[in-house]
Structure formats: structure tokens, C-alpha cells
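Asker: Pasting the sequence and the predicted coordinates here, then a few questions.
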Amino acid sequence: MLTTVFVGRSLDEIRFWSRIMKEHSLFLKLGFRCEDTQLIGEANQFYAVFEEIERRSHTFTAEADPEQIRRFNVEVHNAASHIWAFKRKVLGLILSCQLPGANNFPLLVDHVSREAFYFRNRLEQLNSGQLEALPDAIIDENVFFLRIMADHAKFIGHLLDPSERQLGEQARNFSHDFDQLLFQAKDLESMRPQSQTVPLLDQFLDQNRISVKSLRDFKKTARDLIEACRIKSIIHPLLADHVFREAERFLFIIDMLDASLTSKQPG
Ligand SMILES: [Fe+2]
Ligand SMILES: [Fe+2]
């Protein structure tokens with residue numbers, strides 16, 4: 001990989017995901033009970049670690065020394081592995097009923113651990129220079145992000161006040177649509193390599209883009225309404241913005257994959 005591409009991609013991933021990891025630490029902390037002081041302390045530490053990583057990522061430029069970025073990636077990879085382990089530990093505590101009354105859904109904790117794993121894996125790929133072949137990347141990225149989007153719709157549906165009937169209904173519809181898209185992506189995954197033709201992948205990306213845009217718009221509306229105190233929910237305003245940014249990220253990735261696909265098309 002070209003060194004400038006390596007530096008740019010690494011910094012882009014770290015800037016986006018370190019902010020996300022920082023916010024996960026806050027959401028986990030807010031979900032613990034007052035007496036869970038040890039867990040709250042751990043969450044605070046992770047918040048500080050990722051806040052510092054985020055700050056440092058903005059001190060580098062695209063002309064940074066690739067060797068320095070490679071070392072930074074290793075360091076961040078290490079932090080991502082630790083927060084992943086912390087999230088899995090918390091999931092274990094919830095599932096074994098050792099945190100009765102805590103306010104984070106098990107699926108949310110599993111979800112944020114998947115995002116940490118994705119981040120860690122991406123840094124590993126960047127440092128080893130072994131990015132997936134384009135057709136594989138297209139299917140795998142979509143399988144990952146479609147599930148993330150389906151989860152978000154479910155979280156929104158469950159955290160809205162039950163009296164917000166219309167919004168609740170819309171969230172459930174998105175959940176259903178994204179579950180369907182995920183199954184479709186899984187079908188394409190199991191049909192590979194034969195399914196990896198340009199027209200099929202192209203159509204797959206186009207279809208996903210349409211649905212992600214409409215979910216992104218729904219999240220934006222929800223975020224604005226929550227910020228303006230115009231709907232009833234237990235959704236933290238930062239969580240509403242967080243899931244909106246993740247949808248934007250997915251759209252950015254779809255466009256990037258689509259552009260590489262188009263550039264590879266004959267003629
Ligand atoms: Fe997240
Ligand atoms: Fe998420």
C-alpha cells in the first residue's frame with residue numbers, strides 16, 4: 001500500500017473510532033448502578049485513554065512518518081483489545097445476572113464489543129498491509145454494518161417511551177428492513193465466490209445505500225427531536241448523535257467501495 005494512503009487511512013479510522021470508543025465508555029458508565037464503583041472507575045479510565053488517543057490522532061498530518069503511524073496503530077490496537085475485553089466482561093456479568101437493575105441491554109454491550117473488535121481488526125489489517133480483496137471487503141463490510149444498523153433500530157425502538165407510538169413503529173420497521181438486508185447479505189456471502197460479480201455487487205451496494213440513507217435521516221430527525229426535548233425517551237442525546245454518525249460512516253464506506261468497484265469495471 002502507498003505510504004500516504006496508509007497514513008491517511010490509519011488516521012481516518014483512528015479519529016472516527018477513538019471518539020466512538022470514548023463515547024461507549026460513557027454509555028457503559030451511565031448504565032452501571034451507583035454501587036458498581038469499580039466498573040465505573042474502569043469505564044472512566046477507558047474514556048480518558050480514548051480521549052487522549054483521539055487528541056493525538058489530530059496532531060498528525062497526512063505527511064506523518066509512516067513508521068510513527070505504524071507504532072501508533074499498534075498502541076491503539078492494544079487499547080481497542082482492552083476495551084473489547086472489558087465489554088465482554090461486562091456482558092458476562094449482565095448475562096449471569098450479577099448486575100441486576102443495571103441499565104444496559106446485553107445486545108447493546110455485545111454490539112459495542114463488536115465495534116471494538118472491528119476497529120482492532122482494521123488496525124491489524126492496515127499494519128500488515130493485507131487489506132481484503134475488493135469483492136470480499138464489499139460483502140464483509142456490509143454484513144458487519146447492516147447488523148450494526150439493525151441493532152440501532154432495535155435500541156431506538158426499545159429506548160423510546162412506549163407512548164411514542166409512531167416513532168416506535170418506524171423504528172420497528174427499520175429493524176425489520178435491516179434484518180432482511182442482513183439476511184440478503186448473508187446469502188450473498190454464502191454464495192461466494194460465484195456471487196462476486198460486478199453487477200451483483202453493484203446492485204447490492206445500491207440497495208443498501210438507499211436503506212441506510214433513510215435510516216440515517218430517521219436517526220437525524222430523532223436526534224434533533226431529542227436535543228430539542230420534543231420527544232419522550234430515555235435515549236441520551238449523545239447516543240442519538242453517535243448512532244447517526246455510525247450511519248454516516250457506513251454511507252461513506254459504501255461510497256468508497258462503490259467507487260473502487262466502478263474504477264475496476266471494464267470499459
Ligand atoms: Fe457505537
Ligand atoms: Fe453502534
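Answerer: All right, it came through fine. Please read all numbers here as calculations on a predicted model, not as lab measurements. Residues are numbered from 1 along each chain as shown. Ligands and ions are numbered 1, 2, ... in the order given.

Asker: tell me which parts of this structure are close to ligand 1?
Answerer: 20, 115 (CB under 5 Å from the ion). C-beta here means a position set from N, CA and C on the backbone, and glycine is covered the same way.

Asker: how is the chain carved up into domains?
Answerer: The chain is divided into the following domains under automatic domain parsing: 1-131, 132-267.

Asker: possible to save these as a markdown table with mean pLDDT?
Answerer: A markdown table is the format used below for the domains of the chain (pLDDT from 0 to 100):
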| stretch | mean pLDDT |
| --- | --- |
| domain 1-131 | 96 |
| domain 132-267 | 96 |
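
Asker: Can you add mean neighbour count and give these back as JSON lines?
Answerer: Converted to JSON lines, the domains of the chain look like this (neighbours: other CB atoms under 10 Å):
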{"stretch": "domain 1-131", "mean neighbour count": "17"}
{"stretch": "domain 132-267", "mean neighbour count": "16"}
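
Asker: tell me the contacts of the closest residue to residue 84 other than its chain neighbours?
Answerer: Nearest residue to residue 84, sequence neighbours excluded (CB to CB, 6 or more residues apart in numbering): residue 116, at 4.0 Å. Residues in contact with residue 116 (CB atoms under 8 Å, 6 or more residues apart in numbering) are 21, 24, 80, 83-84, 87.

Asker: Then residue 43?
Answerer: Taking CB under 8 Å, 6+ apart, one finds 25-26, 28-29, 32, 86 in contact with residue 43.

Asker: now do 6 Å
Answerer: By CB atoms under 6 Å, 6 or more residues apart in numbering, residue 43 lies in contact with 25, 28-29.

Asker: Would you mind extracting the C-alpha trace of the helix or strand where residue 38 lies into PDB?
Answerer: Residue 38 belongs to helix 37-57 when elements are defined using DSSP states H and E. Output of helix 37-57 as PDB, limited to C-alpha atoms (Å, rounded to 0.1, in the frame of the first residue of the first chain):
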ATOM      1  CA  THR A  37     -17.800   1.800  41.600                       C
ATOM      2  CA  GLN A  38     -15.100  -0.500  40.300                       C
ATOM      3  CA  LEU A  39     -16.700  -0.800  36.900                       C
ATOM      4  CA  ILE A  40     -17.500   2.900  36.800                       C
ATOM      5  CA  GLY A  41     -13.800   3.600  37.500                       C
ATOM      6  CA  GLU A  42     -12.700   1.200  34.700                       C
ATOM      7  CA  ALA A  43     -15.100   2.900  32.300                       C
ATOM      8  CA  ASN A  44     -13.700   6.300  33.300                       C
ATOM      9  CA  GLN A  45     -10.200   5.100  32.600                       C
ATOM     10  CA  PHE A  46     -11.200   3.900  29.100                       C
ATOM     11  CA  TYR A  47     -12.800   7.300  28.500                       C
ATOM     12  CA  ALA A  48      -9.500   9.000  29.300                       C
ATOM     13  CA  VAL A  49      -7.500   6.600  27.200                       C
ATOM     14  CA  PHE A  50      -9.600   7.100  24.100                       C
ATOM     15  CA  GLU A  51      -9.900  10.800  24.600                       C
ATOM     16  CA  GLU A  52      -6.100  11.000  24.600                       C
ATOM     17  CA  ILE A  53      -5.800   8.800  21.500                       C
ATOM     18  CA  GLU A  54      -8.400  11.000  19.700                       C
ATOM     19  CA  ARG A  55      -6.500  14.100  20.700                       C
ATOM     20  CA  ARG A  56      -3.200  12.700  19.500                       C
ATOM     21  CA  SER A  57      -4.700  11.400  16.200                       C
END
